[in-house]
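Peer 1: A structural model of the following input is requested.
(one chain, ligands or ions: 2)
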Amino acid sequence: MTLLPVDAIRALADQHQKPANVLFQYGTAGFRTLGSALDPVMFRVGVLAALRSKKLDSKTIGVMVTASHNPEPDNGVKLVDPRGEMLEASWETHATNVANAPTTDALIDALETLVKNLKIDLSKPAKVVYARDTRPSGPALVASLEDGLKALGADARNAGVTTTPVLHYLVRAINTKGTKDSYGDDTEEGYLEKLSSAFKQLVAGKPALPPLVIDCANGVGAIVGQKLARHLGNSLELQLANTAIDTLGALNNACGADFVKTQQKLPPSLASVLTPGQRACSLDGDADRLIYFYLDDHGQFHMLDGDKIAALVAAFVVELTKSAGLEGKIQVGIVQTAYANGGSTKYLSERLPVKCVPTGVKHLHHAAEHYDIGVYFEANGHGTVLFSPETLETLSTYQPSTPAQSTALTHLRNLTNVINQTVGDGLSDMLLVEAVLAHKSYSGVEWNSLYVDLPNRLVKVVVPDRSIFKTEDAERRLVSPPGLQAKLDELVRRYEGGRSFVRPSGTEDVVRVYAEATVRSQADELAFRVAGLVYDEVGGDPAKRPSEFL
Ligand SMILES: CC(=O)N[C@H]1[C@@H](OP(=O)(O)O)O[C@H](CO)[C@@H](O)[C@@H]1O
Ligand SMILES: [Mg+2]
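Peer 2: Ligands and ions are numbered 1, 2, ... in the order given. Predicted structure coming up:
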């Protein structure tokens, strides 16, 4: 029986000791905190990734080092499962336990317990692929990760600096290499080639779209976006903006998808770049989110968020399945969270099955797998489209009976390749949107008019202990603290088109309040009233009460 290489682990773990008094948690986005605090976590994640690979018969596991849209000094790390999906939930707990072992001895104990409980066969080789975004703390953190991989003798591949979706793609491509389910060539080039050639076929014969401005958030999207631009040639002209990856402090600063979505305004850096009517979009710091926008003739800003992307894409997919003669054989469904704009939920549920799930991509992804074609997007622009294995089989074997059916079928097949089905992917989603716009001859204006967004407001509330907030009904109602939901209901009732919910954030030490209403001023007022109610109910310090809370 092969044993854990305890001496190797001990020697290396001693170089990455965990400070007392810090607690790490593997949350919705993996481990995420200040980059300077992550060294011991990275080492332990390296060890865990190797163990997970051994547990899964030497399938390749992915590790991504990024803190996405968060400020530049933050960093984070998450594990990617063999099909390119998020880490299985039960391992989130194992990861948290291992990360918090206080000493090297405790760490070794925790690892031995894990190996024993999960019956991990240590004689199996471990295979891991890893990558990082452009954060300055990345190289040192990757070195700590490599020590963890080395401690277990893992066969490790460094995919360098690339986007989160590329890393997810690589994991799936490596694990399906040479099989009938091959996901593509297992390189970044393979990814770019797969996406761009599907896109070119989708838009062949359509009038060329005007150039698209991409706000790269001064992050890794700038690097991969530039390579994608070369692959696209003149099928789509990309005008990359916010590409200052080497400028300290620039990442996600007053730009990027999260800025645009939360501030509901244009990144100031684009004011001189964008012409009225021109389409533009923002990626986030690791390029897995996408938000579109444009300025109208009056210079007024209009945002097309994840909900608008879902509406555009779902309608197109439904249209193609009908044209292909597959209506009734393939069911298209939508997955949203409570943050989806009420306008979008109304519009979509009048046309398609819509399911609401708790926040976090893994919930959306799993729910979307239950449809033949599942379209899922968080309002913040993170999402994708999933085709079930049966649907992929139908698309590859179906015999169309007319030329029109045949054309629609070819488009559907190309969609399965332009879409990164492992995870939300800003660049892949951008190509998807552009393909639909080309087919429909839509500008941002027509797309935006599919439905009207209800004015809404998101507010953060700092509370002494956010763990007392418990929810039900896909986070739309509070069950704890007791009595608070009834007070909330009472407030909401006074606002026309009012809707509001309160939930603890899974990534920040705050409680989030969302509110919408028919009129902007009412949405704001409702949000700040609910925020004030929450603050006071749980004993927030009156001296520190934010002045905008009502
Ligand atoms: C309102 C909002 O945008 N919440 C985000 C945010 O989660 P919170 O649990 O709300 O902190 O980060 C998650 C990870 O990126 C993302 O999945 C989610 O949509
Ligand atoms: Mg991201």
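Peer 1: what's the closest non-adjacent residue to Gly46?
Peer 2: Nearest residue to Gly46 in three dimensions, chain neighbours excluded: Gly148, at 2.0 Å (Cβ to Cβ, 6 or more residues apart in numbering). The C-beta positions use only the backbone N, C-alpha and C, and glycine is treated the same way.
Peer 1: contacting residues for the one you found?
Peer 2: 12, 16, 42-50 (Cβ atoms under 8 Å, 6 or more residues apart in numbering).
Peer 1: hmm, 7 Å instead?
Peer 2: Going by Cβ atoms under 7 Å, 6 or more residues apart in numbering, Gly148 touches 42-47.
Peer 1: distance of it from Ile61?
Peer 2: To Ile61, Gly148 is 12 Å away according to Cβ to Cβ, to the nearest Å.
Peer 1: can you check Leu195 too?
Peer 2: For Leu195 relative to Ile61 (Cβ to Cβ), the value is 24 Å.
Peer 1: and what of Gly342?
Peer 2: Distance from Gly342 to Ile61, by Cβ to Cβ: 40 Å.
Peer 1: among those two, which residue is more densely surrounded?
Peer 2: Each of Gly342 and Ile61 has its neighbours counted (other Cβ atoms under 10 Å); Ile61 has more, 28 against 18.
Peer 1: now the closest residue to ligand 1 within the stretch 101-250 of the chain. Nearest residue, chain neighbours left out?
Peer 2: Evaluated by Cβ to the nearest ligand atom, the stretch 101-250 of the chain has Thr164 as its residue closest to ligand 1, separated by 10.4 Å. Of all residues not flanking Thr164 in the chain, Asp286 sits nearest, at 4.2 Å (Cβ to Cβ, 6+ apart).
Peer 1: mind listing what that neighbour touches?
Peer 2: 66, 68, 133, 163-164, 219-220.
Peer 1: any weak-confidence spans in this protein?
Peer 2: Scanning the chain for pLDDT under 70 picks out no residues.
Peer 1: can you do 80?
Peer 2: Residues of the chain meeting the criterion pLDDT under 80: 1.
Peer 1: which residues touch the closest residue to ligand 2 within the stretch 101-250 of the chain?
Peer 2: Nearest to ligand 2 in the stretch 101-250 of the chain, going by Cβ to the ion, is Thr164, at a distance of 6.1 Å. Listed by Cβ under 7 Å, 6+ apart, the contact set of Thr164 reads 64, 66, 286-288.
Peer 1: from Leu38, how far out is it?
Peer 2: In terms of Cβ to Cβ, Thr164 sits 17 Å off from Leu38.
Peer 1: what's the answer for Val513, then?
Peer 2: 30 Å.
Peer 1: give me every residue that touches the residue of the stretch 351-500 of the chain found nearest ligand 2.
Peer 2: Relative to ligand 2, the nearest point of the stretch 351-500 of the chain is His382 (6.7 Å; Cβ to the ion). By Cβ under 7 Å, 6+ apart, the contact list for His382 reads 288-289, 306, 361, 424.
Peer 1: can you redo those as a markdown table with distance to Val445, secondary structure and neighbour count?
Peer 2: Below are these laid out as a markdown table (distance: Cβ to Cβ, whole Å; DSSP: H, G, I helix; E, B strand; the rest coil; neighbours: other Cβ atoms under 10 Å):
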| residue | distance to Val445 | secondary structure | neighbour count |
| --- | --- | --- | --- |
| Asp288 | 27 | coil | 32 |
| Arg289 | 23 | coil | 32 |
| Gly306 | 19 | helix | 29 |
| Val361 | 30 | helix | 22 |
| Gly424 | 25 | coil | 26 |
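Peer 1: going by distance to Gly256, which of these wins?
Peer 2: Using Cβ to Cβ, Arg289 comes nearest to Gly256 of the contacts of His382, at 8.2 Å.
Peer 1: circling back to that earlier point, any idea which element the residue nearest to Thr164 lies in?
Peer 2: Applying DSSP states H and E as the criterion places Asp286 outside every helix and strand.
Peer 1: how far away is it from ligand 1?
Peer 2: 10 Å (Cβ to the nearest ligand atom, to the nearest Å).
Peer 1: tally of neighbours for Arg493?
Peer 2: Arg493, neighbours per other Cβ under 10 Å, totals 8.
Peer 1: how near is the residue nearest in space to the middle of the chain to ligand 1?
Peer 2: Centroid-nearest residue in the chain, with Cα atoms, centre = their mean: His382, separated by 4.3 Å. Distance, His382 to ligand 1, by Cβ to the nearest ligand atom: 6 Å.
Peer 1: fine by me, we can end here.
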